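> after the sequence you'll find the predicted model.
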Amino acid sequence: MASTSTTPTASGHDELQRAAREHLLLHFTKQAAAYGTEAADPAVGEPGPATAGAARDELLVLERGEGPYVFDTTGKRHVDALSSLYCAQIGYSYGEEFTAAIGQQLATLPFNTNWNTAHPASIRLAEALAQRAPGDLNHVFFTNGGSEAVESMWKIALEYFRSTGRPQRRKAIARKNAYHGVTLGALAFTGVPGYKDGFGTPPIDVTHVSNTNAFRAEDAGDEAAFCARLLDEVREAITAAGADEVAVIIAEPVQNAGGCLTPPAGYWKGLREICDEHGILLVADSVICGFGRMGNWLGIEHEDVVPDMVTTAKGITSAYVPGGAVFVGDKVAEALFDPSIVLRHGITFGGHPVMAAAALKNIEIFERDGVLENVRALEPHLRAGVESLLDLPIVGDVRGKGFFWAVELVKDAEGTRYDQAERDDLLRGFLPHALREAGIVARADDRGDSVLQIAPPLIADAALLDEIVAALRVVLTAAGEHMGLAS
Ligand SMILES: Cc1ncc(COP(=O)(O)O)c(C=O)c1O
């Protein structure tokens, strides 16, 4: 992408701050803190993206991207070590290629739906995705994002059970602290209590079982025992819900909230077996893990398990335009082809021609530029880099996979957790400011425990990964000193 000169005038910067404060409502953000209209109280009930608690800083307004970098309205460069909330898989320099693909589509057919009719772009995209998906995930239902994908998955599951004579299956199993979206249906699957309180009784009966956080787990040293315990809990939850009433088990391949929680060996195979035993559908929510984050297409292939459905969004277009999709296996799709079944679900813009053209271009770029191969080749390097931070006293644990890593922040060598006031200070005050100063976009989060998380663009080379790890070392060393830990 040609680099344009957009060095802002001070008044342009100030003017944007004003206009944002007066008109723009920020997502998952305490507006008063972000806009500095609330004095010296950075606490945010639940943290959103890295910018959420930046009470002492102005709103971070990013106006330009180039490769893995983003530039704010003061002209400062930041390494986007979070890929814009796990979306910008290939960074920011493919704009001209996407413009050409989208322009051609707009000049040919700007819009048609996938309601009853279709258009070549969505058909070609569905075919291209199915060809790259594991197993029999041969069918694709398009959405505009992740929450819609999760809700579409649920309605497809219910239509499947209706078609196959089991309409009583209307319950689900998900995991504690997992995030599956915030629209009211998707929110039912989300297991973060702070996001649900006050929004009424969830419309879906979901039991939340333990996630796969091994840090502090007494049996974590014995991976097989840890795995068996987690799977036993799933079985117990199914029994309690009524085995013939459960429709779906949904889980992320690596759970984001809580800090990149990887499963023990055998966990996904165990889930598959349990689902097969009880006639339950297994769903991988790969909204984050898909499209290269794990070095493969759907973020689940490395588990050697084929789910019945996979939900995706974010990286499907590398976020050059919004998009999402549910991958549906043959067994479920076959039921939808029952002559008596109407799939009573549709989204006007799902599979928009522009989204389809962009997603096809994204696949082309992934394959031409070796994006999956890059992640697979550099995963050991990134792992070693992040693990090297374990020598810092504030780092209690390191976990992750692919280009998706978290460090857990602790008070001492025993791994003691920070209390709420300390979290507010560390995660919503100190770290966002220090990361901003260091020119690194990362995520300080405590929806489970206190973590700092990175998800670099999948085009990052070893030097950039080293730069990110080096910056984290500086920031975390200062954070440890700030929290009273000897360095
Ligand atoms: C695993 C997972 N599922 C679903 C969603 C919801 O996606 P969206 O924000 O596009 O609605 C997210 C969003 O971060 C997610 O991480």
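Structure received. This is a predicted model, so every value here is computed, not measured.
> what's the local residue count around the closest residue to the ligand within the stretch 201-350 of the chain?
In the stretch 201-350 of the chain, the residue that lies nearest the ligand is residue 287 (3.5 Å; Cβ to the nearest ligand atom). In this view, the C-beta of every residue, glycine as well, is placed from N, C-alpha and C. The burial count assigned to residue 287 is 29, neighbours taken as other Cβ atoms under 10 Å.
> quick one: contacts for the closest residue to it other than its chain neighbours?
Counting by Cβ to Cβ, 6 or more residues apart in numbering, the nearest residue to residue 287 once its immediate chain neighbours are dropped is residue 146, at 3.8 Å. Residues near residue 146 by Cβ atoms under 8 Å, 6 or more residues apart in numbering: 180, 181, 186, 285, 287, 311, 312, 313, 314, 324.
> could I get those as JSON lines with secondary structure and distance to residue 395?
As requested, these are exported to JSON lines (DSSP: H, G, I helix; E, B strand; the rest coil; distance: Cβ to Cβ, whole Å):
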{"residue": "180", "secondary structure": "coil", "distance to residue 395": "28"}
{"residue": "181", "secondary structure": "coil", "distance to residue 395": "30"}
{"residue": "186", "secondary structure": "helix", "distance to residue 395": "32"}
{"residue": "285", "secondary structure": "strand", "distance to residue 395": "28"}
{"residue": "287", "secondary structure": "coil", "distance to residue 395": "27"}
{"residue": "311", "secondary structure": "strand", "distance to residue 395": "32"}
{"residue": "312", "secondary structure": "strand", "distance to residue 395": "31"}
{"residue": "313", "secondary structure": "coil", "distance to residue 395": "31"}
{"residue": "314", "secondary structure": "helix", "distance to residue 395": "27"}
{"residue": "324", "secondary structure": "strand", "distance to residue 395": "34"}
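> okay, those residues in TSV with pLDDT next?
Putting those into TSV (pLDDT from 0 to 100) gives the following:
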residue	pLDDT
180	98
181	98
186	98
285	99
287	98
311	99
312	98
313	98
314	98
324	98
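> surely residue 455 meets residue 83?
Yes: at 5.1 Å, residue 455 counts as touching residue 83 under the criterion of Cβ atoms under 8 Å.
> that older thread, measure the residue nearest to residue 287 to the ligand for me?
For residue 146, the distance to the ligand under the criterion Cβ to the nearest ligand atom, to the nearest Å works out to 2 Å.
> quick one, grab the pLDDT at that residue.
Note on residue 146: pLDDT of 98.
> next up, phi/psi of residue 78, please.
phi -120, psi 140 (degrees, to the nearest 10).
> contact partners for it?
Applying Cβ under 8 Å, 6+ apart to residue 78 gives the contacts 62, 69, 70, 71, 72, 436, 439, 440, 441.
> number of residues surrounding residue 190?
24.
> surely it meets residue 196?
Yes: the pair residue 190 and residue 196 passes the contact test of Cβ under 8 Å, sitting 6.8 Å apart.
> nearest to residue 398, of the contacts of residue 78?
Out of the contacts of residue 78, the one with the shortest distance to residue 398 is residue 440. That distance is 17.0 Å, counting by Cβ to Cβ.
> so the closest one bridges to which residues?
Partner residues in beta bridges with residue 440: residue 79, with DSSP bridges as the criterion.
> do residue 453 as well
residue 406, residue 443.
> the host helix or strand of residue 269 packs against which elements?
Using DSSP states H and E, residue 269 sits in helix 267-278. Under the contact definition 3 or more Cβ pairs under 8 Å, 6 or more residues apart in numbering; DSSP states H and E, helix 267-278 sits against helix 223-241, strand 246-251, strand 281-285.
> so which elements touch the first one?
This points to helix 223-241. The elements that helix 223-241 packs onto, with contact taken as 3+ Cβ pairs under 8 Å, 6+ apart, are strand 171-175, strand 205-209, helix 267-278.
> near residue 468, how many other residues are there?
Residue 468 - counted by other Cβ under 10 Å - has 25 other residues nearby.
> what kind of secondary structure is it in?
Three-state assignment for residue 468 (DSSP: H, G, I helix; E, B strand; the rest coil): helix.
> wait, doesn't it sit right on residue 82?
No: no contact is recorded between residue 468 and residue 82 when judged using Cβ under 8 Å, the distance being 10.2 Å.
> closest one to the ligand out of the contacts of residue 78, please.
Of all the contacts of residue 78, residue 441 has the smallest distance to the ligand: 15.6 Å, by Cβ to the nearest ligand atom.
> quick check, residue 475 in a helix?
Yes: under three-state DSSP, residue 475 sits within a helix.
> show me the domain layout of this structure.
Here the domain assignment for the chain is 10-90+371-482, 96-368, based on automatic domain parsing.
> tell me the contacts of the residue most central in space within the chain?
Centroid-nearest residue in the chain, with Cα atoms, centre = their mean: residue 288, separated by 3.1 Å. Under the criterion of Cβ under 8 Å, 6+ apart, the contact partners of residue 288 comprise 86, 252, 254, 256, 299, 314, 404, 455.
> out of the helices and strands packed on helix 267-278, which one sits most buried?
Highest mean neighbour count of the helices and strands packed on helix 267-278: strand 281-285, a mean of 28 (counted as mean count of other Cβ atoms under 10 Å).
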